[in-house]
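**Student:** just a sequence and a predicted model for now, questions to come.
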Amino acid sequence: MTDYKEPILDVAQLAHVEIFSPKPEETVEFFTRFLGMEVTARSGQSVYLRAYEEAYHNSLKVTEANEAGLGHAGWRAMSPQALQRRVEVLKGTGLGRGWIDGDIGHGEAYQFTLPDGQLMELFWDVDYYQCDNDYKSKLLNRPSKRPEQGVPVRRLDHINLMSANPQNDAQFMIDNLGFRLREGIEAEGNLIGSWLSVSNLMHEIAIMPEPNQVPGKLHHLCFWYGVPQNLYEVADLLKENDIFIEVPPNKHGISQAFCMYVYEPGGNRIELFGDAGYLILDPEWKPVIWDMEDVPGYGDTWIGTAFPDSWWNEGTPLTVPEISKK
Ligand SMILES: O=C/C=C/C=C(\O)C(=O)O
Ligand SMILES: [Fe+2]
């Protein structure tokens, strides 16, 4: 079968995400005090953080800004050669922004935007986290000890974007970066929701419709526990500390992940995964497509409370229609 269209395996993982916050210190405190993340650097208006099982210097960058939203998403290529191959393709899309020297935690990166405007970058060179011996974990397969505060998340899992043209953005990720569609939501023949991955995870990125066709928004950023019980513990801690819980611990239909959604003090929606649902092992995985009318009560929440309108309608930066809904 020489005409079999082989997958593009040049993108390895979602390595970091930058979020904007109008209350950066409160946002940082949310991630350190409640989610047990560690500040690994501060520079200018930005703070860099990692979760305790992450190998790289940081996975989250919090940057002060007038309003909440996505700064950028950083993807690590599979190899230096893979990086070069993808950059040549990205240059041809007309959405390439060019090379930057890098940032704290990683080397040179090629920046580009999705058709909807969200800023992304692709890189190879990373700095691995280093800590002194008394902070090294006795569990040799993780870089640092389990933190003693909050309910510590173990790693970054995925981002979910809101787009004025979700089908267009999904196609961009598929055609140029080799993402595979794992599940989707269709309405009137349009792919309005997509869950896409380059790994065995069911998604590293999801793209959903922005109800007012406002481009460039973030829906949520997700961190992973791998232990469903941890969601009940962190929900208890967050409730105690007046953090708004939009969706309490709940099992998704799409992804089958055990999840919950909260808003960090800067206004961005944060999802927490008790488990990441099912893995994709079939190299010929056929996308599971839901019709939008079948989603409420099945695709969004399989077991748990109904998703509020805010979940379907609001992302960051907030735009006028959402503020009127508050
Ligand atoms: O119908 C919506 C399902 C959403 C699933 C996720 O955002 C996820 O798996 O993180
Ligand atoms: Fe999600």
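**Tutor:** Received, thanks. Numbering: from 1, shown residues only. Ligands and ions are numbered 1, 2, ... in the order given.
**Student:** what's the closest non-adjacent residue to residue 74?
**Tutor:** residue 16 (4.3 Å; CB to CB, 6 or more residues apart in numbering). C-betas here are computed from N, CA, C, even on glycine.
**Student:** how far away is the one you found from residue 228?
**Tutor:** In this view, residue 16 and residue 228 are 26 Å apart by CB to CB, to the nearest Å.
**Student:** more neighbours: those two, which one.
**Tutor:** residue 16 (28 against 15; other CB atoms under 10 Å).
**Student:** for that one, give me phi and psi.
**Tutor:** Dihedral angles of residue 16 (phi, psi; degrees, to the nearest 10) stand at phi -160, psi 160.
**Student:** give me every residue that touches it.
**Tutor:** Residue 16 makes contacts with 56, 58-61, 73-74, 105-106, 156, as judged by CB atoms under 8 Å, 6 or more residues apart in numbering.
**Student:** A strand includes residue 26, no?
**Tutor:** No: looking at residue 26 with DSSP: H, G, I helix; E, B strand; the rest coil, it is helix, so not inside a strand.
**Student:** and the gap between it and residue 268?
**Tutor:** Distance, residue 26 to residue 268, using CB to CB: 12 Å.
**Student:** have a look at the two and say which one is more surrounded.
**Tutor:** Neighbour count, other CB under 10 Å: between residue 26 and residue 268, residue 268 has more, with 25 against 13.
**Student:** next, work out how far apart the more buried one and residue 262 are.
**Tutor:** For residue 268, the distance to residue 262 - CB to CB - is 10 Å.
**Student:** same deal with residue 218?
**Tutor:** 15 Å.
**Student:** do the same with residue 196
**Tutor:** In terms of CB to CB, residue 196 sits 24 Å off from residue 262.
**Student:** before we move on, what about residue 145?
**Tutor:** Taking CB to CB, one finds residue 145 at 25 Å from residue 262.
**Student:** same thing with residue 6?
**Tutor:** Taken as CB to CB, the span from residue 6 to residue 262 is 40 Å.
**Student:** between these two, which is the more surrounded one?
**Tutor:** Taking neighbours as other CB under 10 Å, residue 6 and residue 262 compare with residue 262 leading, 23 against 7.
**Student:** let me see the contact set for the more buried one.
**Tutor:** 238, 243-246, 269-270, 272.
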